[in-house]
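Asks: one predicted model, sequence on top.
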Amino acid sequence: PDNLTIETRLNGETMQSSSTSDMNFDVRSLISFLSESTTLLPGTVILTGTPEGVGYARDPPVFLQAGDTVEIEIDKIGVLENRVVEEEVGDS
């Protein structure tokens, strides 16, 4: 788990590409630390931050819009895909 490719795609275009070897803490240490105080169940997603290539730092900046599809892929694990929807504002 210490050298797996991680990619973020926006509407099929690769926006970020990195490796677990570039993380500040290795995967085993993260799981060990978190499991000391939390039960990690199958399907638990551990959020660790983001590699270079974030949208606001691009020239021109790229921001998510309703209808966009974001995919996060980790080699040998799979793809997490989410569609961006516009937030519905209700009456207060």
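Replies: Cool, got the structure.
Asks: quick one, what contacts the residue nearest to the spatial centre of the chain?
Replies: Geometric centre of the chain, nearest residue: residue 72, 5.3 Å, by C-alpha atoms, centre = their mean. Residues in contact with residue 72 (C-beta atoms under 8 Å, 6 or more residues apart in numbering) are 6, 7, 8, 79, 80. To be clear about C-beta, it is placed using only N, CA and C from the backbone, and glycine gets the same treatment.
Asks: what is it paired to in the beta sheet?
Replies: Judged by DSSP bridges, the bridge partners of residue 72 are residue 8, residue 80.
Asks: neighbour count, distance to residue 88 and pLDDT added to the contacts of residue 72, as a markdown table?
Replies: Compiled in a markdown table, these are given as follows (neighbours: other C-beta atoms under 10 Å; distance: C-beta to C-beta, whole Å; pLDDT from 0 to 100):
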| residue | neighbour count | distance to residue 88 | pLDDT |
| --- | --- | --- | --- |
| 6 | 19 | 32 | 93 |
| 7 | 17 | 31 | 95 |
| 8 | 20 | 26 | 94 |
| 79 | 10 | 27 | 96 |
| 80 | 12 | 23 | 93 |
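Asks: with distance to residue 43 added, can I get those residues in TSV?
Replies: Putting the contacts of residue 72 into TSV (distance: C-beta to C-beta, whole Å) gives the following:
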residue	distance to residue 43
6	18
7	20
8	20
79	14
80	11
